[in-house]
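1. predicted coordinates and the sequence they were generated for:
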Amino acid sequence: MVIGDGRPLRRNNMSVAMSALVSPRVTLAPPVSPRVRCHGHESPRIAAGWPLLNKDGIPEASEISVVQWAMQLPTRCSDDKQVPEELVALRDRYSSKYTVFSYSELAKITNGFSPDRLVGKGGAGRVYRGCTGDGKELAVKVLKPSGDVVKDFVAEVDILSSVEHENAMSLVGLCVDGGRLMLVYDYMPRGSLEEMLHGAEKQGKEGALRWPERFRIAVGVARALEYLHGGDRRPMIHRDIKSSNILVAGYFEPKLCDFGLAMWADDAAAQVADDDVAGTFGYLAPEYFMHGKVSDKIDVYAFGVVLLELISGRKPVSAGGGPKGQKSESLVMWANSVIQGGKLMDLVDPNLPMDGGDDGEVVERMALAAALCIRRAHQHRPSMSNVVKLLAGDGDAVIWAKSQVGVSGENGQDGCGVVTSPDKNDIQSHINLALRDIIDDDASSVGSADFAGANLSLEEYLKGRWSRSSSSSSFDA
Ligand SMILES: Nc1ncnc2c1ncn2[C@@H]1O[C@H](COP(=O)(O)OP(=O)(O)OP(=O)(O)O)[C@@H](O)[C@H]1O
Ligand SMILES: [Mg+2]
C-alpha cells in the first residue's frame with residue numbers, strides 16, 4: 001500500500017483498506033491543492049504530512065462566507081449586523097487586547113486578498129500578506145467555513161489570549177466582519193520551517209539552514225513547548241506541532257503558531273476521544289493515532305519528528321510513487337532503524353557540513369533528544385523541560401540520554417526499541433508498528449521491558465542531583 005504522497009487525511013474519509021488497517025475512523029480525503037508562495041517563495045507541492053481534520057466537506061473559502069454559513073446554523077444571533085452572538089461576545093471580550101479589524105481594512109492591506117499576496121494555504125484556510133499604511137507587514141489568515149468554524153475560532157482566540165512567550169506567535173488582531181473570520185499576526189518574512197527545510201529555496205548549500213540556526217530553532221520551540229506544558233500557568237497541549245507551524249523570525253528565532261487544535265491539559269485528561277484525532281500524519285504519536293489518547297507527550301513526540309527533520313533534512317513522510325514505484329518512507333521508522341544500529345550520527349544530513357566550533361556537540365544533543373522524544377511508549381518520552389535541559393548541554397541530562405540511547409544501540413531494546421529491519425521503513429510498517437506499540441503499551445505494566453532497571457526516567461536519574469546542576473540549564477542558544 002502506498003499512501004505516502006502527502007495528501008491530507010480527513011477523518012471519516014479514508015480508503016477502506018487504510019481504514020480497516022488503522023482505524024475505522026480515519027479516512028483519506030481528496031488531495032489538497034498545491035500550496036503557493038508569493039514573492040518568489042515556491043512552497044513544496046507535497047505537504048510534509050497529511051493534515052487530519054475532523055471536519056467534513058470543507059468548501060473553498062470563496063464559495064460561501066462564514067457568516068452566511070453560520071447563519072444557517074440553529075444558533076441564536078444578535079442584532080449586530082447578523083453576526084452570531086458568540087462572535088460579538090468574543091469581539092467585545094478582546095477589543096481592548098487585540099485590534100479588531102473590519103473586513104474592508106484587511107481587504108485594503110492585502111490588495112483585495114489578491115493571489116499575489118497569498119502566502120500559503122493550509123487545511124484551515126489561506127494566509128495573505130498585508131502591508132499597512134505605515135509599512136508594517138501583517139499575515140492575515142482567512143478561515144475556511146466548516147461545521148465548527150465559529151466554535152473553533154472562539155476557542156482558538158481564547159487559548160491564544162493566554163499564550164505569552166517569545167517563541168510563540170501572538171495574535172495582533174481579529175476580524176469577524178464582512179462574512180469572514182480572520183486572525184491577524186505579524187508577518188514572518190522567512191516563512192515556515194517546513195519551507196526553509198523542504199521548500200524550493202533550500203536547494204543548494206547556500207540556502208540551507210546551518211547548524212547554529214537549526215539549533216536555535218530547536219531550542220526555541222522546545223522552550224515554547226515547555227512553557228505551554230507547565231510552569232505557573234494552566235498547562236495546555238498544542239496537538240499540531242509540525243514544521244509548517246513553526247515560523248521563523250529575523251534572527252532565526254522560531255515562533256510556534258496555529259493553536260487551532262490546542263486544548264487545556266486538564267480537559268484532555270478527562271477525555272479519551274477516539275473520534276477526535278486531528279493533526280498531521282507523520283507527526284502523530286502512536287497512542288494518539290490509534291486510541292486518541294491525548295497528553296503532553298504527543299507534543300513531545302511531534303517535536304521529536306521536527307528535530308529529525310532539522311537533523312536529517314528529510315520530510316516526515318517522503319513521497320512514494322515515482323518511476324521505480326518507491327514506497328513512501330516514514331522518517332521515524334528510518335530514524336529508529338538508524339538509532340537501533342547504534343550510529344546516532346548517521347541521522348545527520350551528510351550534505352550539511354559542520355563548521356567546527358560546537359556544531360558536533362549541539363548536533364549530537366539534538367539527535368539524542370530526537371531519539372528520546374520519538375519513543376513508542378509515551379511514559380518514556382522525556383518532559384519538555386528535560387528536553388530543554390538536554391539541548392542546553394546539562395551534564396547529567398546528557399549522560400542520562402547517552403545511557404538510554406546507548407542501551408538501544410547495544411541490545412536493541414529500550415523505550416524507543418524499534419525492532420525493524422532497515423529496509424522496512426514504509427508506511428505499512430509504520431502502521432503495523434503503531435498497532436503493536438499500542439498492544440505493548442496497553443499491556444505494559446510496571447514490569448514491562450521498557451521499565452527495566454537500566455531504563456530510569458530522567459526524573460528518577462536526576463532525583464537529588466538537579467539542585468546542583470540546574471544552573472547550567474541557562475545558556476545562550
Ligand atoms: N505569520 C505568518 N507569517 C508568514 N507566513 C505565514 C504566517 N502564518 C502562516 N504563514 C504561512 O502560511 C502557510 C499556511 O499556513 P496554515 O497554518 O494555513 O497552513 P499549514 O500550517 O501549512 O497547514 P495546517 O492548516 O495543517 O496548519 C504556512 O505554512 C506559512 O508558510
Ligand atoms: Mg499551520
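-> Ah, there it is. Ligands and ions are numbered 1, 2, ... in the order given.
2. so where's the stretch 201-350 of the chain uncertain?
-> 201-207, 270-276, 320-326 (pLDDT under 70).
3. now do the helices in it.
-> Remark: helices assigned in the stretch 201-350 of the chain by DSSP state H, counting those that start in this stretch are 211-229, 265-270, 286-291, 296-312, 331-340.
4. can I see the domain layout of this structure?
-> 85-187, 193-467 (automatic domain parsing).
5. can you put the ones you listed in TSV and add distance to ligand 1?
-> Any C-beta I mention is one placed from the backbone N, CA and C, and that applies to glycine too. TSV is the format used below for those (distance: least, CB to the nearest ligand atom, whole Å):
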stretch	distance to ligand 1
domain 85-187	2
domain 193-467	4
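6. dump those domains into JSON lines; add mean neighbour count as well.
-> What follows is the domains of the chain, written out as JSON lines (neighbours: other CB atoms under 10 Å):
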{"stretch": "domain 85-187", "mean neighbour count": "18"}
{"stretch": "domain 193-467", "mean neighbour count": "19"}
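7. and of these, who's closest to ligand 2?
-> For ligand 2, the closest of the domains of the chain is domain 193-467, at 3.8 Å, according to CB to the ion.
8. identify the residues contacting the residue nearest to residue 97 when sequence neighbours are not counted.
-> Spatial nearest neighbour of residue 97, chain neighbours left out: residue 161 (6.4 Å); criterion: CB to CB, 6 or more residues apart in numbering. By CB atoms under 8 Å, 6 or more residues apart in numbering, the residues touching residue 161 are 94, 97, 171.
9. for the stretch 151-300 of the chain, what lies in contact range of ligand 2?
-> 245, 258 (CB under 5 Å from the ion).
10. try it again at 8 Å.
-> Neighbours of ligand 2 within the stretch 151-300 of the chain, by CB under 8 Å from the ion: 192, 240, 242, 244, 245, 257, 258, 260.
11. of all the helices of the stretch 201-350 of the chain, which lies closest to residue 188?
-> Counting by CB to CB, residue 188 lies closest to helix 211-229 out of the helices of the stretch 201-350 of the chain; the figure is 12.4 Å.
12. who are the packing partners of that closest one?
-> Judged by 3 or more CB pairs under 8 Å, 6 or more residues apart in numbering; DSSP states H and E, the packing partners of helix 211-229 are strand 236-237, strand 246-248, strand 254-256, helix 296-312, helix 359-373, helix 384-392.
13. ok, the shortest one: who's next to it in the sheet?
-> What it means is strand 236-237. With DSSP bridges as the test, strand 236-237 is paired with strand 263-264 (antiparallel).
14. what does the strand it pairs with contact?
-> Here strand 263-264 makes contact (CB under 8 Å, 6+ apart) with 159, 234, 235, 236, 237, 239, 294.
15. and the first one, that one's in a strand?
-> No - when DSSP: H, G, I helix; E, B strand; the rest coil is applied, residue 159 is found to be helix, with no strand at that position.
16. residues touching it, list them.
-> Here residue 159 is in contact with 236, 259, 262, 263, 264 (CB under 8 Å, 6+ apart).
17. with residue 335 instead?
-> Residue 335 is in contact with 308, 312, 347, 370, 371, 374, counting by CB under 8 Å, 6+ apart.
18. please repeat the previous calculation with a cut-off of 10 Å.
-> Neighbour list for residue 335: 304-305, 307-308, 311-312, 314, 344, 346-347, 367, 370-371, 374, 416, 418, 425 [criterion: CB atoms under 10 Å, 6 or more residues apart in numbering].
19. among those, which ones lie close to ligand 2?
-> Okay, of those, nothing touches ligand 2 (CB under 8 Å from the ion).
20. want to throw the helices of the stretch 201-350 of the chain into CSV with distance to residue 399?
-> Below are the helices of the stretch 201-350 of the chain laid out as CSV (distance: least, CB to CB, whole Å):
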stretch, distance to residue 399
helix 211-229, 19
helix 265-270, 30
helix 286-291, 28
helix 296-312, 20
helix 331-340, 18
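21. ok so, going back, which one among the contacts of strand 263-264 gets closest to residue 332?
-> Among the contacts of strand 263-264, residue 239 lies closest to residue 332 (CB to CB), at 17.7 Å.
22. for that closest one, which non-adjacent residue is spatially closest?
-> In space, residue 239 is closest to residue 261, 4.0 Å off (CB to CB, 6+ apart).
23. chain neighbours aside, what residue packs nearest to residue 182?
-> The nearest residue in space to residue 182 (CB to CB, 6+ apart) is residue 175, at 4.1 Å.
24. ok but residue 91 is inside a helix, no?
-> Yes - under three-state DSSP, residue 91 falls within a helix.
25. just the pLDDT for it.
-> Per-residue pLDDT puts residue 91 at 92.
26. that one against residue 97, yeah?
-> No - using CB atoms under 10 Å, residue 91 is not in contact with residue 97, being 11.1 Å away.
27. identify the contacts common to these two.
-> 157, 174.
28. about what we covered before: for residue 142, state which of the contacts of strand 263-264 is nearest.
-> Nearest to residue 142 among those, with distances taken as CB to CB, is residue 159, at 19.5 Å.
29. return the per-residue confidence for that closest one.
-> pLDDT at residue 159 comes out at 93.
30. quick check: residue 196 vs residue 337, distance?
-> From residue 196 across to residue 337, the span is 26 Å (CB to CB, to the nearest Å).
31. and for residue 101?
-> 50 Å.
32. contacting residues around the closest residue to residue 224 other than its chain neighbours?
-> Counting by CB to CB, 6+ apart, residue 224 lies nearest to residue 167, which is 3.8 Å off, once chain neighbours are set aside. Residues counted as contacts of residue 167 (CB under 10 Å, 6+ apart) are 217, 219-228, 246, 249, 253-256.
33. please list all residues in contact with residue 217.
-> Counting by CB under 10 Å, 6+ apart, residue 217 makes contact with 167, 193, 196-197, 209, 243, 246, 248, 252-254, 306-307, 310, 477.
34. kindly report the same for residue 301.
-> Listed by CB under 10 Å, 6+ apart, the contact set of residue 301 reads 241, 283-289, 295, 332, 373-376, 378, 381.
35. and if you look at residue 218?
-> 193, 246, 254, 303, 306-307, 310-311, 362, 365-366, 369-370, 387, 391, 477.
36. at 7 Å instead, please
-> Going by CB atoms under 7 Å, 6 or more residues apart in numbering, residue 218 touches 307, 310, 366, 391.
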